[in-house]
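**Student:** this one's sequence-less:
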């Protein structure tokens, strides 16, 4: 796949969580029982006066109701590390689930707002007004295969809406058995809300003038409530902290369930979103070695009056049919289609090739010049079409062979990914300076070509796992996935194609030891296959796809369920893959994109989620990662941290119920990132930072209906920091974090 947007290349072309039992349910059940008992007593015929009442009928039975705070920040299960929902305590993988309660309390709008709760996840080229990229454990995720909805792959080149999502699951590390061809960082799975009796409206506003309104309507009906439907819709006007990068968003979704019989059920989800917003270019190193000093976070680099916003239309569909053959054997068939259509337009700030000061001091033309000069390009790429289709069939069963118990999973899947792009307009129109006044240049007179097929990738897989319980303490998980990958790519209309055929078996083995019920210890080994990167435009083999690469991972971890209210986890991991980079050489271009050496990331992760006390709930994580390149043939790229990977990062968010004030909770937290290398040589880095957030939630009743008011202040002390030093298509970019922003929302249930 080729994406001609300067410096931008989409990554390689190629369930449902059971909510925690809530105290409200227990109270309602107890109340129902008491009501039934009272009705039975009052409705029974009165006993004749001369008949003695039995002693056990003289009084109602005692009903004890115990109240406790909802455990809304902790999830007990996830589907992201398997093929159906499974208890996190017994899953030998590092998984984080950000619950609906956290999403609502933080008033999250984008995936970047959600993943800030996980220290192992960082932004990786995530500009305002464009779809976002991320790293997990320091490896860039593959947007073509690593983003899922209800366990099925979607086109990741979109900012997925959150209004209809119940949770976001993050699997950290290799996911070859779950996804087949996927980058080694991990996968992110959105879990949609299911139909239930609900009716609410939410309105919010922020300190920059952004406004939005959303409705959530659900109903179960029919005999025994076998039918269910849920509709979510939202409208948002976006006022960005970057001047001139405003936009608007329209979203709608429907979820439907049908319990066909006690053994069969069907569910369907559809969502559509249109996002229209002007995209903001990132900064680059001055002279290739210096981080810009205090540029304005509100400046739109290269702003031109003729530049149009980026328009993204996204449609995601998925359906699933479940059937229970017996109490021990179940199966399902699931299918999905996801596509995005992007009209990409921007006045793009990039490099300094046309600036006289560019060569001073040996500055590379792929960075801003040492004095802050940069070039502006008219970039237009309409009709960018990406589609992911997937069909998956899974059979699960339980059986025993003597004293040994088995949980067997067998399945197969077929995936297809197609990409249509045009030969974009990418023309130089003028040059500016990061500190100078904006200038106006004439747009390019050229026009882009019609879109044409640039990628057709198909993946056929069979997979199986067996969880073997040797006794109450020991379990072995063994399985694998056989993958056949067939891919064709084109670089020009009616031009020759490049074909990739690769078959591989991806094993996964894990051992789980439970010395006591609340504690699980595990060790695992797995492999994954990911497509090779595409060479950047500056390389001698520009736009060439490198062969697929195999990654390996070992992981050791522990999970402890403290008093059935706080989940504590720890994991130590090592992941290695071939090092892919633009190698300096004597070619005319000066670089050739190669696979040489090894990139190895080693680290430790700690996390906690749940209730510390009856009043205090939290979610917290810490990640320490050592990311290095070895045997690359370029000593300058070795011996230091890989670009955009902090050695240490941490995240904390907490909810404290204020005593004496019913319904009032204080919210807040902190995010920390260590310094990050900003170029391949490690000679420049962005500094470490702390960002503090504060908020409050007040729950009351208006007109007899539950009403929740939330206040959130992000970046409370208005910290100035570089949140992203990511690399795309061989070029390094810097993005400033958002300044202090206050948001107020009101949710009314009717």
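**Tutor:** Arrived safely. The model shown is predicted, which means the values in this text are computed figures rather than measured ones.

**Student:** Output the contacting helices and strands for the longest strand anywhere in the chain.
**Tutor:** In the chain, ranked by residue count with DSSP state E as the criterion, the top strand is strand 373-401. In terms of contacts (3 or more C-beta pairs under 8 Å, 6 or more residues apart in numbering; DSSP states H and E), strand 373-401 is packed against strand 152-153, strand 329-349, strand 404-421, strand 425-433. Backbone N, C-alpha and C define where each C-beta goes, glycine included.

**Student:** Nearest to residue 655, out of the ones you listed?
**Tutor:** strand 152-153 (32.0 Å; C-beta to C-beta).

**Student:** so what does that closest one touch, helix or strand wise?
**Tutor:** strand 329-349, strand 373-401.

**Student:** following it, which helix or strand comes up?
**Tutor:** Later in the chain than strand 152-153, the nearest helix or strand by DSSP states H and E is strand 165-172.

**Student:** which neighbours does that following strand have in its sheet, and in what orientation?
**Tutor:** strand 94-99 (antiparallel), strand 186-192 (antiparallel) (DSSP bridges).

**Student:** Can you give me the neighbour number for the closest residue to residue 537 other than its chain neighbours?
**Tutor:** Take residue 537 and drop its neighbours on the chain: the residue closest to it by C-beta to C-beta, 6 or more residues apart in numbering is residue 729, 6.6 Å away. Counted with other C-beta atoms under 10 Å, the neighbours of residue 729 add up to 25.

**Student:** Need the phi and psi values for residue 729.
**Tutor:** Here is the backbone geometry of residue 729 (degrees, to the nearest 10): phi 50, psi 40.

**Student:** got a pLDDT number for it?
**Tutor:** With respect to pLDDT, residue 729 scores 75.

**Student:** can you check residue 19 too?
**Tutor:** pLDDT, residue 19: 39.

**Student:** Same check on the one 5 residues further on?
**Tutor:** Among the per-residue scores, residue 24 shows a pLDDT of 38.

**Student:** The one 5 residues further on now?
**Tutor:** pLDDT recorded at residue 29 is 36.

**Student:** swap in residue 61?
**Tutor:** 49.

**Student:** And residue 230, by the same measure?
**Tutor:** 98.

**Student:** next one: residue 120
**Tutor:** 97.

**Student:** returning to what we had before: deepest of the helices and strands packed on strand 373-401, which one?
**Tutor:** Of the helices and strands packed on strand 373-401, the one with the most neighbours on average (mean count of other C-beta atoms under 10 Å) is strand 152-153, at a mean of 27.

**Student:** Parallel or antiparallel, list what pairs with that one.
**Tutor:** strand 147-149 (antiparallel).

**Student:** Return the distance of the strand it pairs with from the chain's centre.
**Tutor:** 8 Å (C-alpha atoms, centre = their mean, to the nearest Å).

**Student:** which regions of the stretch 301-450 of the chain sit below the pLDDT cut-off?
**Tutor:** For the stretch 301-450 of the chain, the stretches flagged by pLDDT under 70 are 360-362.

**Student:** got TSV for the helices and strands packed on strand 152-153, with distance to residue 100 too?
**Tutor:** What follows is those, written out as TSV (distance: least, C-beta to C-beta, whole Å):
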stretch	distance to residue 100
strand 329-349	22
strand 373-401	25
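
**Student:** could the strands paired with strand 165-172 go into CSV alongside mean neighbour count, mean pLDDT and distance to residue 121?
**Tutor:** Below are these laid out as CSV (neighbours: other C-beta atoms under 10 Å; pLDDT from 0 to 100; distance: least, C-beta to C-beta, whole Å):
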stretch, mean neighbour count, mean pLDDT, distance to residue 121
strand 94-99, 26, 96, 8
strand 186-192, 26, 96, 8
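
**Student:** how about these, which one is nearest residue 491?
**Tutor:** strand 186-192 (28.9 Å).

**Student:** Show me what the following helix or strand past that closest one is packed against.
**Tutor:** Following strand 186-192 in sequence order, the next helix or strand is strand 198-206 (DSSP H and E). Under the contact criterion of 3+ C-beta pairs under 8 Å, 6+ apart, strand 198-206 touches strand 211-221, strand 741-749.

**Student:** any chance of those strands in CSV, plus mean neighbour count, mean pLDDT and distance to residue 392?
**Tutor:** CSV is the format used below for the helices and strands packed on strand 198-206 (neighbours: other C-beta under 10 Å; pLDDT from 0 to 100; distance: least, C-beta to C-beta, whole Å):
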stretch, mean neighbour count, mean pLDDT, distance to residue 392
strand 211-221, 17, 98, 26
strand 741-749, 17, 98, 35
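
**Student:** Show me where the stretch 201-350 of the chain has its strands.
**Tutor:** According to DSSP state E, counting those that start in this stretch, the stretch 201-350 of the chain carries its strands in the segments 211-221, 227-238, 247-259, 264-277, 310-324, 329-349.

**Student:** now for the ones you listed, which one comes closest to residue 285?
**Tutor:** Using C-beta to C-beta, the strands of the stretch 201-350 of the chain put strand 329-349 closest to residue 285, at 13.1 Å.

**Student:** Next, the angle strand 264-277 makes with that closest one.
**Tutor:** 0 degrees (axes from the mean of the first three to the mean of the last three C-alpha atoms, to 10 degrees).

**Student:** Strand 329-349 pairs with which strands?
**Tutor:** Paired neighbours of strand 329-349 in the sheet (DSSP bridges): strand 310-324 (antiparallel), strand 373-401 (antiparallel).

**Student:** for the residue nearest the centre of the chain, which residues make a bridge with it?
**Tutor:** The centroid of the chain falls nearest to residue 188 when counting by C-alpha atoms, centre = their mean (4.2 Å). Partner residues in beta bridges with residue 188, using DSSP bridges, are residue 147, residue 170.

**Student:** Let me have the strands of the stretch 201-350 of the chain in CSV, adding distance to residue 696 as columns.
**Tutor:** Output for the strands of the stretch 201-350 of the chain, formatted as CSV (distance: least, C-beta to C-beta, whole Å):
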stretch, distance to residue 696
strand 211-221, 20
strand 227-238, 23
strand 247-259, 26
strand 264-277, 29
strand 310-324, 33
strand 329-349, 37
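
**Student:** right, and those strands - which one's nearest residue 689?
**Tutor:** strand 329-349 (23.6 Å).

**Student:** From the chain's centroid, how far away is the closest one?
**Tutor:** 14 Å.

**Student:** Could you do stretch 484-501 as well?
**Tutor:** The chain centroid and the centroid of stretch 484-501 are separated by 29 Å, computed with C-alpha atoms, centre = their mean.

**Student:** what is the rounded mean pLDDT of it?
**Tutor:** 87.

**Student:** Could you list the residues in contact with that stretch?
**Tutor:** Stretch 484-501 is contacted from outside by 1-2, 13-14, 180-181, 423, 449-450, 452-461, 502-504, 529, 531, 543, 545, 547-548, using C-beta atoms under 8 Å, 6 or more residues apart in numbering.

**Student:** ok, which stretches of the stretch 551-700 of the chain are helices?
**Tutor:** For the stretch 551-700 of the chain, no helices are identified by DSSP state H, counting those that start in this stretch.

**Student:** What ranges does it have for its strands?
**Tutor:** 566-584, 591-611, 616-630, 648-657, 664-673, 676-677, 685-686, 689-702.

**Student:** Any chance of a markdown table for the strands paired with strand 165-172, columns distance to residue 676?
**Tutor:** Compiled in a markdown table, those are given as follows (distance: least, C-beta to C-beta, whole Å):
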| stretch | distance to residue 676 |
| --- | --- |
| strand 94-99 | 21 |
| strand 186-192 | 19 |
